[in-house]
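Q: turn this into a model:
(one chain, ligands or ions: 2)
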Amino acid sequence: MKESADLLIYNIKEIVTPFDSKLKRSRDLKELKIIETGGIAIKDGRVICVSSTDEVLDRFESQNKLDLKNENILLPGFIDPHTHILFGGSREDEFLLKIKGESYLSIQKKGGGIYKTQKDTTSLSEGELIRITKNKILTANSYGILSLEIKSGYGLYIEKEIELLKIIKKLKNEIKSNIVSTFLLHLVPKDIDKKIFLNEVKTVLPKLKNEYLIDFIDIFVEDGAFTKEDAIEILEETQKLGIFVSLHIDQFNNLGALSLALKYNIKSLSHLDLTTDSELEKLKEKDIIGIIFPLERFIFKREENRGRKLIDSGIPLSISTDFNPGTSPSLNFPLIISLSLIREGLTIEEAINCSTINSAYALNLQNEVGSIEVGKRGDFVIFSLKSFKEIPYYFGMNFVKYVIINGEVIKVDW
Ligand code: NIG
Ligand code: FE
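A: Ligands and ions are numbered 1, 2, ... in the order given. The predicted structure is shown next:
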């Protein structure tokens, strides 16, 4: 008697997955497990077998079968651990100014940048914001991103930020993708004293946690945003409440925020563009995930091979879109992978580990997603390609054919 499954996928030219569920650094990042002519059985949205086609067809039966005819490869869905996907409007005029040499922070000082997107976001109704964000998440899915973090951050005023966090909570219920919700302290609203603002944040944090409105908190530690001392005030509170923390640090200026990671319970540090070598040395043995943004780094013409340097420093690295209207306006994940090889010096094996299991750790989803193993969610991306090495090769092109979310097959139409 064969065991019953809800879905069988077989004749998979290559199943490509991180070797196991452990956090990857240094040499472990170079390893992948590849199963040729593989097969997968799924029940109740979970993987119940991952093996050869022969074994899966021998052991299981199902009404639902997907025969990939050895023409497609299959990977765990990509996990994007850092997005600002919840916003209105766009900033193409600033993009053109930046290309001509105007700096990000000078545009912000003139009332553009995040302030512009604040206006564009808060002028939309809740319904409209939900509609456009759902569409963006579907676009993310079509590039293979099946789990993502969503930051608030374009409301600025506490009441507006809470409205955005409530929208993220609704999206969590209405969208198939895994969503992790982050309260981002982006900038202090222009007409509020910073001390008062920080006190308001501290007061509201327990309520946000109790109402399941936040999984993480993030702070933009930067000139014109928050100082290291401001961050400490907030981190003392989050530490008491047991809220996960990720931080934006060392993007345009190094304010010494890396030292915070050694004291507080921080899951991930994003950007690390200007972190010094001696600071990186301190992260070596820590399980703090460093997240870099190959597209943002390309747009800002940063020096090459930073990703290589972070990996060689022993940091468990993750790569992400940082999708936002100001510094990184693309959800094309295969393109991010290409750039991570071309400009950041990663190998394709490293890029895949950095886009899956390490990103799962950054969001505390490592037991759910990030590798293809029995018990994990059936979240996969299937490419019309014959080898995983073709993902970075077809630069800017998208060969995603299906995504499977929680065991449900979704065809990607182009
Ligand atoms: O990660 N720098 C802070 N936050 C975003 C940019 C947000 C924006 O410019 O709208 C980032 O790059
Ligand atoms: Fe960001």
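Q: please count neighbours and contacts with C-alpha atoms only from this point.
A: Noted.
Q: number of nearby residues for the nearest residue to E408 once chain neighbours are set aside?
A: Leaving aside its sequence neighbours, E408 sits nearest to G45 (Cα to Cα, 6 or more residues apart in numbering; 7.4 Å). Number of residues near G45 (other Cα atoms under 10 Å) recorded here: 20.
Q: my guess is G45 contacts G407. True?
A: Yes - using Cα atoms under 8 Å, G45 is in contact with G407, at 4.3 Å.
Q: residues shared between the contacts of the two?
A: Residues touching both G45 and G407 by Cα atoms under 8 Å, 6 or more residues apart in numbering: R377, G378.
Q: what does the residue of the stretch 301-414 of the chain found nearest ligand 1 show for phi and psi?
A: Scanning the stretch 301-414 of the chain for proximity to ligand 1 using Cα to the nearest ligand atom identifies G326 as nearest, at 3.7 Å. Dihedral pair for G326: phi -100, psi -50, per degrees, to the nearest 10.
Q: show me the contacts for the residue nearest to E408.
A: R377, G378, I405, N406, G407, E408.
Q: I'd like to know how far it sits from ligand 1.
A: 33 Å (Cα to the nearest ligand atom, to the nearest Å).
Q: where does that residue land on pLDDT?
A: Looking at G45, its pLDDT is 98.
Q: which stretches in the stretch 201-350 of the chain count as strands?
A: Using DSSP state E, counting those that start in this stretch, the strands of the stretch 201-350 of the chain run over 216-220, 244-249, 266-271, 289-292, 317-319.
Q: who wins for proximity to S355 among the ones you listed?
A: Closest approach to S355 among the strands of the stretch 201-350 of the chain (Cα to Cα): strand 317-319, 5.7 Å.
Q: near ligand 1, which residues of this structure show up?
A: G113, I114, F220, D322, N324, P325, G326, T327 (Cα under 6 Å from any ligand atom).
Q: ok, P189 to E233 distance?
A: 18 Å (Cα to Cα, to the nearest Å).
Q: how about T276?
A: Distance, T276 to E233, by Cα to Cα: 24 Å.
Q: cool, V47 as well?
A: 43 Å.
Q: so which of those two has more stuff around it?
A: V47 (23 against 13).
Q: check contacts around that one.
A: Taking Cα under 8 Å, 6+ apart, one finds I40, A41, I372, E373, V374, G375, K376, R377, G378 in contact with V47.
Q: ok, 6 Å please
A: A41, V374, G375, K376, G378 (Cα atoms under 6 Å, 6 or more residues apart in numbering).
Q: also L346?
A: Counting by Cα under 6 Å, 6+ apart, L346 makes contact with R308, S340.
Q: going forward, begin numbering at 17 instead of 1
A: Sure, I'll start counting at 17 from here, so that last one is L362.
Q: give me the phi and psi for it.
A: phi -80, psi 160.
Q: any idea how far it is from S334?
A: In terms of Cα to Cα, L362 sits 11 Å off from S334.
Q: distance of the closest residue to A376 other than its chain neighbours from S163?
A: Distance criterion Cα to Cα, 6+ apart; nearest residue to A376, sequence neighbours excluded, is Q382 at 4.8 Å. The gap separating Q382 from S163 is 11 Å, by Cα to Cα.
Q: over to G258?
A: Distance from G258 to S163, by Cα to Cα: 23 Å.
Q: so those two - more neighbours on which side?
A: S163 (28 against 12).
Q: confirm that the more buried one sits in a strand.
A: Yes - S163: assigned to a strand according to DSSP: H, G, I helix; E, B strand; the rest coil.
Q: ok now do it, which residues does it touch?
A: S163 neighbours (Cα under 6 Å, 6+ apart): I95, S193, N194, I195.
Q: who wins on neighbours among the residues you listed?
A: I95 (33 neighbours).
Q: can you report phi and psi for that one?
A: phi -120, psi 120.
Q: check the gap between the closest residue to it other than its chain neighbours and ligand 1 for me.
A: Counting by Cα to Cα, 6+ apart, S163 is the residue found nearest to I95 once chain neighbours are left out, at 4.8 Å. To ligand 1, S163 is 18 Å away according to Cα to the nearest ligand atom.
Q: so the residue nearest to S68 when sequence neighbours are not counted bridges to which residues?
A: Excluding its sequence neighbours, the residue lying closest to S68 (Cα to Cα, 6+ apart) is G54, at 4.2 Å. Counting by DSSP bridges, G54 is bridged to I28, S68.
Q: so which of the contacts of G61 sit within strands?
A: Among these, the members found in strands (DSSP state E) are I421, E424.
Q: of all the residues in the stretch 67-216 of the chain, which one is nearest ligand 1?
A: Counting by Cα to the nearest ligand atom, the stretch 67-216 of the chain gets nearest ligand 1 through I130, at 4.4 Å.
Q: report how many residues lie close to F268.
A: F268, neighbours per other Cα under 10 Å, totals 16.
Q: tell me the buried residues in stretch 201-215?
A: Buried residues in stretch 201-215, counted by 16 or more other Cα atoms under 10 Å: L201, H202, L203, V204, P205, K210, F213, L214.
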